[in-house]
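A.B. asks: Predicted structure and sequence below. I'll ask about it afterward.
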Amino acid sequence: MEELIQMIHRMILESLGLENHYDSHTKSLVNSMRFLKYYKDSSDNESSIALSSHQDSTFISIVCQHNVEGLEVQTLDGDEWIHATPIANSFTVLAGEAFMAWTNGRIRAPIHQVKLTEPIEKRYAVVFSTTPSFANDMINAPEELVDAQNPLLFKPFKYYDYVNVKEDYGSLKAYCGA
Ligand SMILES: O=C(O)CCC(=O)C(=O)O
Ligand SMILES: [Fe+2]
């Protein structure tokens with residue numbers, strides 16, 4: 001898993017021409033793993049929201065859906081939900097707000113939710129996440145990604161300061177939008 005995580009981060013940095021930031025970037029990463037168990041709300045007939053819509057705060061989240069449907073990703077215009085249908089032997093990768101801010105918006109953090117629809121009553125998922133380390137949690141977009149056409153979208157912020165008050169602000173833009 002460590003290798004996969006490193007590879008995804010490397011692919012993202014390379015795609016943006018930021019290879020020279022790779023060492024400092026990966027040195028300040030922390031990996032974590034969460035096990036999730038969802039139940040369908042029995043008071044709902046056909047479907048129930050098991051995890052309400054949100055953006056992850058992370059750099060990336062790698063979701064193992066165990067072949068059970070439910071994860072939905074909102075389109076950018078907010079008009080539609082796309083089923084992130086599980087694919088056998090595959091993970092689903094979502095970018096989070098830390099990457100969105102650090103890449104000055106080049107990488108989007110999609111809004112997503114988990115909805116259980118008949119006949120699914122129960123769902124397990126495992127989520128592997130990367131976040132900044134406690135010692136080095138300043139998120140500051142590299143200057144290569146900021147220019148007249150791409151003005152800075154988010155003022156530099158400390159990741160864990162944001163995570164602590166995220167619920168109060170509702171979005172990263174409200175917290176530190178430039
Ligand atoms: O269970 C899933 O498929 C997604 C979980 C998720 O979005 C999260 O834990 O942030
Ligand atoms: Fe999520």
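C.D. replies: Nice, I can see it. Numbering: from 1, shown residues only. Ligands and ions are numbered 1, 2, ... in the order given.
A.B. asks: Flag every buried residue along the longest helix along the chain.
C.D. replies: When the chain is parsed with DSSP state H, its longest helix is helix 2-15. With burial defined by 16 or more other CB atoms under 10 Å, the residues of helix 2-15 counted as buried are 5, 8-9, 12-13. The C-beta positions use only the backbone N, C-alpha and C, and glycine is treated the same way.
A.B. asks: Redo those as JSON lines? Include distance to Pro110.
C.D. replies: JSON lines is the format used below for the buried residues of helix 2-15 (distance: CB to CB, whole Å):
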{"residue": "Ile5", "distance to Pro110": "19"}
{"residue": "Ile8", "distance to Pro110": "15"}
{"residue": "His9", "distance to Pro110": "18"}
{"residue": "Ile12", "distance to Pro110": "15"}
{"residue": "Leu13", "distance to Pro110": "20"}
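A.B. asks: Which strands and helices lie in contact with the helix or strand that the longest helix of the chain is followed by?
C.D. replies: Using DSSP states H and E, the helix or strand that follows helix 2-15 in sequence is helix 22-27. If contacts are counted by 3 or more CB pairs under 8 Å, 6 or more residues apart in numbering; DSSP states H and E, helix 22-27 sits against helix 2-15.
A.B. asks: gap between the two ends of stretch 105-112?
C.D. replies: Using CA to CA, to the nearest Å, the end-to-end distance of stretch 105-112 comes out at 17 Å.
A.B. asks: Check the gap between the nearest residue to Ser28 once chain neighbours are set aside and ligand 1 for me.
C.D. replies: The shortest distance from Ser28 to any non-neighbouring residue, by CB to CB, 6 or more residues apart in numbering, is to Asn136 (4.0 Å). Remark: distance between Asn136 and ligand 1 (CB to the nearest ligand atom, to the nearest Å) = 23 Å.
A.B. asks: Thank you, goodbye.
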